[in-house]
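K.L.:
no FASTA, just this:
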């Protein structure tokens, strides 16, 4: 009979509570609009109903993208408030733009909108804050508390325990580490065990669970212990404890890791791009277009003067076009002002070095100040590059370093950029040693892991002060 038993699927945590939170937020949006209309004695007409529905639907979409209703009890309230504010601003901006472009005849009270616009996020943030504060107060005073144990006295278990104990308002009380593999000398030599903190072995944990002393067990054993984990879970089924498996995915070099499902089958991405969603991709592209619209008018005349100077001071084309790898590793043509007396674009490309005879006098100045890269804003307009991203390397260099540095090609999961985290962190110029290129790749991958529009804006801002010039830029 056990063979016919369904093994079940992984479902979202408490989806009914998410529905309640969404319903409350929808009510706040409606009450805020109704109160704004009542204050100025304006009737609730069809136009305002359409405005309410459109903003509510779009807010729900933005909120889902920002994972406002997916947060666990450990999320900081500031982060939640920021996501709520950004979701509302985005939805209101889209609806306002649509009304202006498609239905200019709609007439709305400016006073009502000026009140409703800040009232909604303030109301939603206030309700979310009060809910969290109430639960935190109850937990700090011994109500709604849970006792948890960690099965696996290893670095992952310690990391999990530190994360939980740093947030006492969650109401989680630690019952101890449990591990029955203390006698394994190999694990002791490798430093995998936290022996001094072990409360007991698995049998002790099972007894305490059966007595109802423990509410949650987090299993942090390594993935290779699948058979042992399965056996432990079977034995824990003879209790009422809640069992949670914490997979040790940190053994991998995770990048934009996400949990998804295929018809209930859990799937964890190890290497992914932060621009998988349509909204993120559109936001990144819009950011590039806005920055280009601001920067190109400022650099148009300097670009013209540089082009004339390149043409007059040395023979050859003004623009040097070189094949480099773009997003997904596909070849793209990158434009620069020619700074050398040669135009190398083959299987072997020698990096510029100090006092390089190939570099023209004007080219040396352009390279030191990064002015030779100004034509790449045209690459951004074409969509082959981005303003911020990992710097593109010559194809010959890519083919060399991809064999020397693990994870090198992961930097091509985003469009190459004119500037990036590596450049503002001092990684510019010649990479005559593997260590220097590894440092650059480290920052490139860290950028992809941490990507956000705010990070892009920070990098652009820092580039103005420290990203244009450098002693190593030959």
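P.N.:
Received the coordinates, thanks. In this text, all values refer to a predicted model and were calculated from it rather than measured experimentally.
K.L.:
what about stretch 277-291, distance to the chain center?
P.N.:
Remark: stretch 277-291 is offset 14 Å from the chain centroid, using Cα atoms, centre = their mean, to the nearest Å.
K.L.:
Give me the contact list for that stretch.
P.N.:
Contacts of stretch 277-291 from elsewhere in the structure, counted by Cβ atoms under 8 Å, 6 or more residues apart in numbering, are 62, 65, 274-275, 380-381, 383, 386-387, 453, 456, 460. The way it works is simple: take the backbone N, C-alpha and C, and place the C-beta from them, glycine included.
K.L.:
Let's see if you can find the most crowded of those residues.
P.N.:
Among the contacts of stretch 277-291, the one with the most neighbours (other Cβ atoms under 10 Å) is residue 386, at 26 neighbours.
K.L.:
can I see the domain layout of the protein?
P.N.:
Taking automatic domain parsing as the criterion, the chain consists of the domains 15-140, 146-251, 278-466.
K.L.:
Endpoints of the last one, how far apart?
P.N.:
It stands for domain 278-466. 33 Å (Cα to Cα, to the nearest Å).
K.L.:
for it, what is the average pLDDT?
P.N.:
Per-residue pLDDT values over domain 278-466 give a mean of 85.
K.L.:
buried ones in the helix or strand containing residue 294?
P.N.:
Assigned by DSSP states H and E, residue 294 belongs to helix 278-313. Residues of helix 278-313 classed as buried: 280, 283-284, 287-288, 291, 295, 303, 306-307, 310 (neighbour count, 16 or more other Cβ atoms under 10 Å).
K.L.:
Ok, stretch 92-103 next?
P.N.:
Within stretch 92-103, the residues that count as buried by 16+ other Cβ under 10 Å are 92, 94-96, 99.
K.L.:
do the same with stretch 167-182
P.N.:
170-173, 175-181.
K.L.:
pLDDT-wise, what's the bottom of the residues you listed?
P.N.:
Per-residue pLDDT puts residue 181 lowest of the buried residues of stretch 167-182, at 66.
K.L.:
out of the buried residues of helix 278-313, which one sits closest to residue 465?
P.N.:
The shortest approach to residue 465 among these belongs to residue 295, at 15.7 Å (Cβ to Cβ).
K.L.:
Not counting its neighbours along the chain, what's nearest that closest one?
P.N.:
Nearest non-adjacent residue to residue 295, counting by Cβ to Cβ, 6 or more residues apart in numbering: residue 377, 6.2 Å away.
K.L.:
which ones are touching the one you found?
P.N.:
292, 295-296, 299, 387, 418.
K.L.:
Distance to residue 404 for the residues you listed - can I get that in TSV?
P.N.:
Below are these laid out as TSV (distance: Cβ to Cβ, whole Å):
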residue	distance to residue 404
292	34
295	35
296	37
299	36
387	29
418	25
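K.L.:
In terms of distance to residue 18, which of the residues you listed ranks first?
P.N.:
Distance to residue 18 across the contacts of residue 377 (Cβ to Cβ) is lowest for residue 387, with 36.2 Å.
K.L.:
Now do the phi/psi pair for the residue nearest to residue 408 when sequence neighbours are not counted.
P.N.:
Nearest non-adjacent residue to residue 408, counting by Cβ to Cβ, 6+ apart: residue 402, 4.5 Å away. Backbone torsions of residue 402, given as degrees, to the nearest 10, read phi -60, psi -20.
K.L.:
again, but for residue 452
P.N.:
Dihedral angles (degrees, to the nearest 10) for residue 452: phi -160, psi 160.
K.L.:
Out of the buried residues of helix 278-313, the closest to residue 120 would be?
P.N.:
Comparing the buried residues of helix 278-313 against residue 120 with Cβ to Cβ places residue 283 closest, at 21.4 Å.
K.L.:
Distance check, the closest one against residue 289.
P.N.:
11 Å (Cβ to Cβ, to the nearest Å).
K.L.:
ok, and what's touching the strand or helix carrying residue 33?
P.N.:
For residue 33, the host element (DSSP H and E) is helix 15-39. With contact meaning Cβ under 8 Å, 6+ apart, helix 15-39 is reached by 12, 43-44, 48, 51-52, 55-56, 59-60, 63, 69-70, 109, 112, 115-116, 119-120, 123-124, 127.
K.L.:
Strands along the stretch 201-350 of the chain, start to end?
P.N.:
In the stretch 201-350 of the chain, the strands defined using DSSP state E, counting those that start in this stretch lie at 216-219, 242-245, 259-262, 265-268, 319-325, 331-337.
K.L.:
before we move on, the earlier item: the residue nearest to residue 408: neighbour count?
P.N.:
Count around residue 402 with other Cβ under 10 Å applied: 17.
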